[in-house]
Every structure is written in C-alpha cells, then in structure tokens.
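Asks: Just to be clear, the model below is a prediction. Sequence and coordinates:
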Amino acid sequence: MAEFQSYTLNFGPQHPAAHGVLRLILEMEGETITRADPHVGLLHRGTEKLAESKPYNQSIGYMDRLDYMAMMCNEHGYVLAIEKLLGIEPPLRAQYIRVMMDEVTRILNHLLWLGTHGLDVGAMTAFLYTFREREDLIDVYEAVSGARMHAAYYRPGGVYRDLPERMPKYEPTPYRGEKELREMNRAREGSVLDFLDDFCHRFPACIDDYETLLTENRIWKQRLVDVCVVGPERAKALGFTGPMLRGSGVAWDLRKKQPYEVYDRLDFDVPVGTNGDCYDRYLVRMEELRQSTRIINQCVDWLRANPGPVRLDDPKVSPPSREEMKDDMESLIHHFKLFTEGYCTPPGEVYAAVEAPKGEFGAYIVSDGANKPYRLKIRPPCYIHLSAMDEMIRGHMLADVVTLIGSLDVVFGEVDR
Amino acid sequence: MFETFETLFWIFAKIWAVLIPLFLAVAYFTYMERRVIGHMQDRRGPNRVGYKGLLQPFADALKLLFKEISVPTHANRVLFLLAPALSIGPAVAVWAVIPFADGWVVADINAGLLYILAMTSLGVYGIIVAGWASNSKYALLGTLRASAQVVSYEIAMGFALVGVLMAAGTMNLSGIVEAQAGPFWNWFWLPLLPLFLVYWVSGVAETNRAPFDVAEGESEIVAGFHVEYSGMAFAVFFLAEYANMILICVIAAVMFLGGWYSPFHGVPVLGPALDWVPGIVWLLLKAGFFAFCYLWFRATFPRYRYDQIMRLGWKVLIPVTVVWLVVLTVLIYAGVGPWF
C-alpha cells in the first residue's frame, strides 16, 4: 500500500477568498495544512519608485491606491511625513476634519472587513448589511472630495477644501416611488456634518444587527474561537500592529501612544483582546466600529461650532484661492510655481505613521532638498501581517485558511505596493 | 398486446405528471430562493425578466443551455459526463413513491421507505464520480468532504426514519400518512420530536446546503465537486440538488407532519370546514414551510468546518436517535397517547 503523502494545493490568485490577488501554495496532508507559502507581488505597481519622479503633492493620489479600503488614512500617513519634513502644522479645523475622515475611513474599512470575513466563513447576510452602511459613508467621501474611493483629499498644510454645505441626493428612477425617495433623502437635506450626525445616531443599532447575526452564533464561534492564536510577545516579535496586535492583548494604538492631530483632545477607548485568536480580533474590530462612531460624533460637534480655515495660509505649500489668482500677480505666480514645480523640502529624513484601520501605516521620506522625495518607503501593516501567515496557519484546516485571511484583513494594493 | 401499451402509456403519463411539476418547482424554487434571500438581505433579487422577474429561471436555463460543456484535459471523459446523470437519476427516481394526496402516487410499493433510503444514498455516487473524474484537487477535496458527510448523515437520517417506521408499523408511505390521520397533535412530529429535528438537520446536511455546504464551500474550495462543470452539465447537478432539497421537504411533511391531512382533520367544527381544500395543497404548504427554512438557514448561518460537521453527526445526532428509539419502544409498548 502506498504511503500517504502530502500534496500541494494552489490557492489563488483566482479564488473567491483570495481578497484580491493572494496566491498561496498550501502543502497539505488531507485537510490539514503543513505549510503555507504566500506569493505576493501580483499587484505591484511600483508606488515607491513612482513617487521619486514627481513633486510631493502629485503622489498623494497614489496613496489612495495602496490600501484601497483605507484611502484617506494612507494619504494621512504620507501627508504627515511631508508636514514633518517641512515643519508645518495645519490649522485646527483641518486637523479635526482629518481625524473625522480617518474615523469614517476606519468604519469603511472595518465594514468591508466584517462583510468579507463573514462571507469567507459562510455568513453572507452581514456582507449585504455592511455594504448598505458603507454606501452612506462612501457618499460622504464623495461629498467632501468629489470621488467615492480615491479621494486625494488631504494636502500638506490641511485638506483640499472645507466640508460642503450639502449632501449628494438620490435621484428619481422608474423603480423608486416618491415616498421611498423622500425617505432615502431624509438625512441628506442638510450639510455633510448633519448627515454624519444622523449616521452616528443610527449606526450603533446597525452594529447591533451585525452582532446579532454573528457574535453569539455558535457556528461563528466554533469557526473563530482558538483559531490561529498568537500570543502577545510573539505578536510583537512578528511586528503586528493595529487590531492584530490588540487582539493578542497588547494595548498599542498610535492614536493613544503617539497622538497625532487632535486625537489627544478626543475621548475614546482602545479595545484589547485576551486570547489572540480570530474571535478576539473580530471583537476588537467590532468595538472599534463603536469607538470610531464616538470620535466622529465629537468631531462633528466641534466642527459645527468652530468654522475657520482648513488650509495653511502659506502660499509656498498651499495654493491661493481661485479669485485671488485671477487679479493678484503674486498669487498667480505662486499658483503656477506650486502646480508645476511644487515645493522644495529641506534635506533630511522623516518617518511619520498613523493608526490606519489595519495597523500602523507609515511613510519614511528621504529628501535631498529637491521638490521630489529622494526615496519614499512605505510601511504597510498588511504586508507584515501576511508574512506571519505560515506560522499562524500551520496545523489548521483548509477552512481555517479563509478564516485567517479574513482575520488578517489583507488588501493587496498595500501588500504589493 | 393493446393492454400492455395502455398500461405503459398510463405509467408514462403518471411519470410526466410528476416530473413536469417537479422541474417547474425546481425552477421556481431557485427563483424563490433568490427573492426570499434578497428580501432578507435588504435587496431586491431578480425582478427584470418578465413580471416581477418570474421568467428569470427560464432565462437562466436558456443561458446554461447555450454554454459550452468544457471537459478538462486529462479528465476521464466518460465518467465526467456520466456523473451528472448519476446525480439526477436517483434524485428524480425517488419521487415515484411519494404520495401527494390520498392515492396520488406513481408506485404504491410496500417498501417505500427502504426505496427512499436506497435512492438518496445512490445520489452521492454522482458527486463522487464527478469529483474523481474532474482531475482537479478542489473537486477531489469537495468529493471527499461530500461523501464523508453524506455517508455519516445517512446513518442519522436512517435511524430517524426507523423511528417513523416503528411508529407507523408500515414502510408504505401512504400507510405512514394514514397512520397519522387526525389533527396536528396526532402527527408524528410530537412523539418523535427529537427524531424529527435530527431528520431535518441531517436532511439539510444530506443535500449539502448551508450551513453544511462544505462540499461546495464557495469560499474554501470554490465550488467543490462541480468546479469543473459548465453549461448543461452544471445545470443538471444544480437541478439534482434542488430536486433533492424539495424531496427532503416533502418527505419531512409526509413522515412527520401528516402528509396530505389538514391540521384540523377529524376535529368537530374546523375539520369539516376545511374539507374542501384538496390534500395536495396541505402537503405543499407543509413542504413549502421547510423549503423556506432552507433559505432562511442559508441567509443566517455561517458555514461549519468539515471536522465540526462530522462531530455533530457522529457525537450528537446519532446518539440522540439511538436513545430516542429506545424511548420510542417503551412508548409503543405502553400504548401512549393518541399515537400508538
């Protein structure tokens, strides 16, 4: 009788649970995995190299396309590094807007994570529910930046423009009655802040809905509890950040430990897990949804009460207004210089990081004093989490692979860069 | 000579009288699935082809009809094309013994229950052959999972049906329904409640539906045993799966919910008041409830892991049935209640 041998299974990149273009070479014995070898690079676009050939501001749009589920957080990390290099600080209102949009982004990301994680484990309804709420927040993106995904909203020295006074509305179609339309547009009559305020009030009930479907579900718990456990020390050694690290019981959150922008003025908690299994990471992210809602609520209140500039009044880094440019010679020159040559930074190197939804997103810039970076290095959270895949999945079953991929919350725009 | 032809003609007529409604039921079950789950998930489901999307199943069937049936390289051609037939054959054949109403049955045989168990067990060969012949690791994994799962749940299901057999004292399905004659508290679901639940859970598992759909496991092994199938070959698997689902629903209604009897059969006032409703309507209503549960489960539950399904089958369901068979023996000997 032939001896039972292990075999390899090619998992992805064309696979429903590959979350983009993950390719795993799984070495298996029956259903048990003895080795998992992630192959990355299928979505490599050379973001870091491209950034070396264009003025600083023109790379902001590339940042959106890294982790395309946490668009503004990526911009934030990059913009923060430039600001550190230039030694400038944006006006307070811009900082609040950034924090608010970061948290909107966090909710967007966690909603997508929750939906796809549920889908991977086989619960498909949560996916449709989360996308219903995502749609609202994507509309906020559209309202503030004009784009639903790739916003390019943050600028060194502030944000591209102030929050608009109106929300985009649903339009009538043959399939929508007038009453239905009015109901859909109910929260959209006021400004973006009014809409977000309304969202923050109804969103906790939506989170309860998702939790009813999953949190105490026996099957969900059987699939997640004690799957792919990582201890706190090992998590630190592996370079985990964000919910992956907090799920293992390490209370590390850049928003608390190295507060940037106005996070030190806001009131929020950092959830921490205990076991470091997929279920704890799930609970941590669910609580982060609630905490982000809290932060948005506080930002909305502050932003309503405190109008003001949203961009630094320094024509060397931020463009003059359209009107000024039309009849003021100096403004015209500034505008021209800024949009052709950009600005030069002092030589040196900086590293700035933000707490992106998936973990620490950092940008390391080396400048030689030119108007473009000499070298840009991006520190993506997912790439580092993915590199621990093999260690985490050994000895588990094939079905746990998809659970783990969901729990890692990988996005390949960022892994492959 | 002429009489032989006449008999044959009637047999064929009866077969088609079952098959055509069955295929229509499958078509509209898929439509119902998409609409019901659509509503559960806050979306619409198909609503463009025909009035409220009612022609959608036919549009889908037509599309699949025109698709190429591609056979993977190095696949075993004969087995690959035989597998869908192996799968649909038993799924359709079982319907011969199902009584739709009093006397409405194609083959009123005495070993009806045995025949059902035999046919539903045969269905797994289609899956095994499909996975084996596809020459794909994903299909093979799906096949291994499906066969292990179906074989283990067959036992639990068999035991649950043994309970029905003991309670009714006959293997003839019409006889089983007649043994439950009376209002709804007379039906077998009450004295056989644990068996009823075990039967229903194993029925869902047996048809490889959520939350036990590890054999297809969309997000794990893509589509499992039928990953390499396309066009009509795939459609036949699909048809067999849905025919089996409806079958499980109808058998549940026949075995445990009094088949064609109205819920108030034999009750003084309500019973005669509902006599005008034909028996088949009651049967379809009862089966429809189970069909709805199938969809409800699919929209609600995550998927079990392969080893957890096995644990549930062997360590929970089978012991429950064995224990209840003993209890049932005592109940029957004691002649408890209106049932025995």
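Replies: Looks like it came in fine.
Asks: Report how many residues lie close to the closest residue to chain B within chain A.
Replies: Chain B sits closest to residue A:122 of chain A, with a gap of 2.7 Å, by CB to the nearest CB. No exception for glycine: its C-beta is placed from N, CA and C like everyone else's. As a burial measure, the neighbour count of residue A:122 was computed by other CB atoms under 10 Å in any protein chain shown and equals 27.
Asks: List the contacts of the nearest residue to it once chain neighbours are set aside.
Replies: The spatial neighbour of residue A:122 that comes closest, neighbours along the chain excluded (CB to CB, 6 or more residues apart in numbering or on different chains), is residue B:303 at 2.7 Å. Contacts of residue B:303 were listed using CB atoms under 8 Å, 6 or more residues apart in numbering or on different chains, and they are A:121-123, A:219, A:223, A:399, B:210-214, B:217, B:219-220.
Asks: same check, this time on residue A:207
Replies: Residue A:207 neighbours (CB under 8 Å, 6+ apart): A:286, A:289-290, A:293.
Asks: Dump these into TSV; add neighbour count and secondary structure as well.
Replies: Formatted as TSV, the contacts of residue A:207 follow (neighbours: other CB atoms under 10 Å in any protein chain shown; DSSP: H, G, I helix; E, B strand; the rest coil):
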residue	neighbour count	secondary structure
A:286	18	helix
A:289	25	helix
A:290	16	helix
A:293	23	helix
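Asks: show me where the stretch 101-250 of chain B has helices.
Replies: Secondary structure of the stretch 101-250 of chain B (DSSP state H, counting those that start in this stretch): helices at B:112-133, B:137-168, B:173-179, B:193-206, B:218-221, B:231-256.
Asks: lowest-confidence stretch among those helices?
Replies: Per-segment confidence across these bottoms out at helix B:218-221, which has a mean of 70 in mean pLDDT.
Asks: What are the phi and psi values at the nearest residue to residue A:32 once chain neighbours are set aside?
Replies: Here the nearest residue to residue A:32 in space, its sequence neighbours aside, is residue A:397; by CB to CB, 6+ apart that works out to 5.9 Å. The phi/psi pair for residue A:397 (degrees, to the nearest 10) reads phi -100, psi 170.
Asks: what does chain B have sitting close to chain A?
Replies: On the criterion CB under 8 Å from any CB of the partner chain, chain A has as its neighbours in chain B the residues B:40-43, B:137-138, B:141, B:210-211, B:213-214, B:217-222, B:298-308.
Asks: out of the residues you listed, which are buried?
Replies: B:40-41, B:137-138, B:141, B:210-211, B:213-214, B:217-222, B:298-306, B:308 (16 or more other CB atoms under 10 Å in any protein chain shown).
Asks: Could I have the CA atoms of stretch B:267-280 written out in CSV?
Replies: This file holds the C-alpha atoms of stretch B:267-280, laid out as CSV (Å, rounded to 0.1, in the frame of the first residue of the first chain):
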residue,chain,number,x,y,z
VAL,B,267,-61.9,18.0,14.7
PRO,B,268,-65.7,18.6,15.1
VAL,B,269,-66.2,22.1,13.6
LEU,B,270,-62.9,23.1,11.9
GLY,B,271,-62.4,19.7,10.3
PRO,B,272,-65.4,19.6,8.0
ALA,B,273,-65.0,23.4,7.4
LEU,B,274,-61.6,22.7,5.8
ASP,B,275,-62.6,19.6,3.9
TRP,B,276,-63.0,21.4,0.6
VAL,B,277,-59.2,22.0,0.4
PRO,B,278,-57.5,19.3,-1.7
GLY,B,279,-54.9,17.2,0.2
ILE,B,280,-52.1,18.2,-2.1
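Asks: Just give the number of residues close to residue 176.
Replies: Because you didn't say which chain, this covers chain A. The tally of other residues near residue A:176 (other CB under 10 Å) stands at 14.
Asks: Wait, chain B was what I had in mind.
Replies: Taking other CB under 10 Å as the definition, residue B:176 ends up with a neighbour count of 25.
Asks: And for the one 5 residues further on?
Replies: Summarising burial for residue B:181: neighbours were counted as other CB under 10 Å, giving 13.
Asks: Flag the shaky bits of the stretch 251-400 of chain A, pLDDT-wise.
Replies: Counting by pLDDT under 70, the stretch 251-400 of chain A contains no low-confidence range.
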